[in-house]
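Trainee: sequence? don't have it. structure:
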């Protein structure tokens, strides 16, 4: 098969003139289980009820034969390619597949030529781009004139947020449909279908849940693992239990169920090791998370949270370093980008610790929620018009930059009538917050000297 044959493939679509949702030709028995169970009709699709249920957007498009350009956004193994094929079959369209990993502008031009030929034959065309987020802006722009002219309908599949990865011009011409990972019930249905196809013994409840947890909503992963498991079974097995599953799949099963206790226990151990300033234990739990299949992007987000929650202003560089590590991973991916995340783990673990901002933020949110909605004092109000100035807005405000030391001593920035303005932020005597605490103490001393004694007593508590 030539590269062009691989890119332009519609042999699995229904014959011309078939009714919308008509069945495709079944895959041969030698094909992988995931391909054999790929839905050939709309009513065979498992999951995505929010798109394919009665009256839902894609269901309506299928039933009415209405074609529109779209982006299918969702995690791996949820049926993005299958839905694109079914859409094409429903409207009897030529189906051209482009892989953004293998294709470039040349292949896009070839697809345009194929679409022009199909139009000359009176047939519509769908151009399906897998992993469209991997195309650069110039490659994505190459589709625009042909989508606008109606030469073909564009369907892109992506696992990344299209708001960031698909350029705005193309995005504005396509409807984004969000596909969801299969839930446990959907995966149970899929396992039942797979068991029937392979004529295999049933899984007990524990083994089924373990396998579903490993698949994490990815139908392809679930079916591939199940097919491997069944292939390794000896004769006379009447039921597959969890021990058989572990023996057969071993290493693969160390991957986490993202909703399970083990996952959250391990991330908790990582967070507490960083908070406890143990770089070696922190690296260990970080490696355990990656080895177990945790998404490095999830870990990057947690590191950013740790930098703010547990290091804070004791070392503000920690937050920037965590952000840089996350960005580096996005540029390099796995495995190279994991080193930057490991660097952030170590830095956060050895950095001075402070949760003063975290504590202050929780306290002030609770205070505001319970307190009344107090008016803004007149001297702090905005006064962009003569009317507002005539009402006293901004009157008496002292511009701090014009004051000695850049500090307007004695000015209150609290609402009027607050009996005892609280102190939410209390810096710890570590890292940069040691100096922040000293500065705040000096500013409070200047305030106390500049204010009347009764006012200083009220706001010093």
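Mentor: Great, that's in hand. Note that this is a predicted model, so its numbers are computed, not measured. Residues are numbered from 1 along each chain as shown.
Trainee: for the chain, what helix or strand is lowest in average pLDDT?
Mentor: helix 3-7 (a mean of 37; mean pLDDT, DSSP states H and E).
Trainee: which is the next helix or strand following that one?
Mentor: Note on helix 3-7: by DSSP states H and E, the next helix or strand toward the C-terminus is helix 33-36.
Trainee: where does pLDDT dip in this structure?
Mentor: The chain contains residues with pLDDT under 70 at 1-27, 251-261, 453-461.
Trainee: hey, where'd the strands end up in it?
Mentor: 70-73, 94-99, 125-130, 153-158, 175-178 (DSSP state E).
Trainee: could these be laid out in TSV, adding distance to residue 231 and mean neighbour count?
Mentor: From N, CA and C alone the C-beta is placed, and that goes for glycine too. As requested, the strands of the chain are exported to TSV (distance: least, Cβ to Cβ, whole Å; neighbours: other Cβ atoms under 10 Å):
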stretch	distance to residue 231	mean neighbour count
strand 70-73	31	25
strand 94-99	28	21
strand 125-130	28	25
strand 153-158	29	25
strand 175-178	35	15
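Trainee: any chance of the ones you listed in JSON lines, with distance to residue 350 too?
Mentor: Output for the strands of the chain, formatted as JSON lines (distance: least, Cβ to Cβ, whole Å):
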{"stretch": "strand 70-73", "distance to residue 350": "39"}
{"stretch": "strand 94-99", "distance to residue 350": "44"}
{"stretch": "strand 125-130", "distance to residue 350": "43"}
{"stretch": "strand 153-158", "distance to residue 350": "38"}
{"stretch": "strand 175-178", "distance to residue 350": "41"}
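Trainee: tell me which of those sits nearest to residue 49.
Mentor: Among the strands of the chain, the nearest to residue 49 by Cβ to Cβ is strand 175-178 (12.9 Å).
Trainee: and the closest one, what does it pack against?
Mentor: Secondary-structure packing of strand 175-178 (3 or more Cβ pairs under 8 Å, 6 or more residues apart in numbering; DSSP states H and E): helix 57-64, strand 70-73.
Trainee: may I see these organised as JSON lines, with distance to residue 387 added?
Mentor: Output for those, formatted as JSON lines (distance: least, Cβ to Cβ, whole Å):
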{"stretch": "helix 57-64", "distance to residue 387": "50"}
{"stretch": "strand 70-73", "distance to residue 387": "49"}
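Trainee: closest to residue 331 out of the ones you listed?
Mentor: Nearest of those to residue 331, taken as Cβ to Cβ: strand 70-73 at 21.5 Å.
Trainee: wait, what's in contact with residue 275?
Mentor: The contact partners of residue 275, taken as Cβ atoms under 8 Å, 6 or more residues apart in numbering, are 306, 310, 353.
Trainee: closest to residue 75 out of these?
Mentor: residue 306 (25.3 Å).
Trainee: residues contacting the closest one?
Mentor: Residue 306 touches 271, 274-275, 322, 348, counting by Cβ under 8 Å, 6+ apart.
Trainee: cutoff 6 Å now
Mentor: Residue 306 sits next to 274, 348 when contact means Cβ atoms under 6 Å, 6 or more residues apart in numbering.
Trainee: please report the distance of it from residue 297.
Mentor: Distance from residue 306 to residue 297, counting by Cβ to Cβ, to the nearest Å: 15 Å.
Trainee: do residue 62 as well
Mentor: According to Cβ to Cβ, residue 62 stands 34 Å off from residue 297.
Trainee: okay, these two: which has more neighbours?
Mentor: The neighbour comparison of residue 62 against residue 297 (other Cβ atoms under 10 Å) goes to residue 62, with 20 against 13.
Trainee: can you give me the neighbour number for residue 357?
Mentor: Residues near residue 357, counting by other Cβ under 10 Å: 18.
Trainee: now it. Nearest residue, chain neighbours left out?
Mentor: residue 312 (4.6 Å; Cβ to Cβ, 6 or more residues apart in numbering).
Trainee: run a quick neighbour tally on that neighbour.
Mentor: Neighbour tally, residue 312, other Cβ under 10 Å: 26.
Trainee: could you do residue 327 as well?
Mentor: Using other Cβ under 10 Å, residue 327 is surrounded by 13 other residues.
Trainee: what's the answer for residue 39, then?
Mentor: The burial count for residue 39: 16, using other Cβ under 10 Å.
Trainee: separation between it and residue 309?
Mentor: With distances taken as Cβ to Cβ, residue 39 is found 45 Å from residue 309.
Trainee: ok so, going back, measure the residue nearest to residue 357 to residue 442 for me?
Mentor: Taking Cβ to Cβ, one finds residue 312 at 21 Å from residue 442.
Trainee: swap in residue 105?
Mentor: Using Cβ to Cβ, we find residue 105 at a distance of 63 Å from residue 442.
Trainee: and what of residue 308?
Mentor: 26 Å.
Trainee: between those two, which is the more surrounded one?
Mentor: Taking neighbours as other Cβ under 10 Å, residue 308 and residue 442 compare with residue 308 leading, 17 against 12.
Trainee: what sits against the more buried one?
Mentor: Applying Cβ under 6 Å, 6+ apart, we find residue 308 in contact with residue 319.
Trainee: one more: residue 283?
Mentor: Here residue 283 is in contact with residue 345 (Cβ under 6 Å, 6+ apart).
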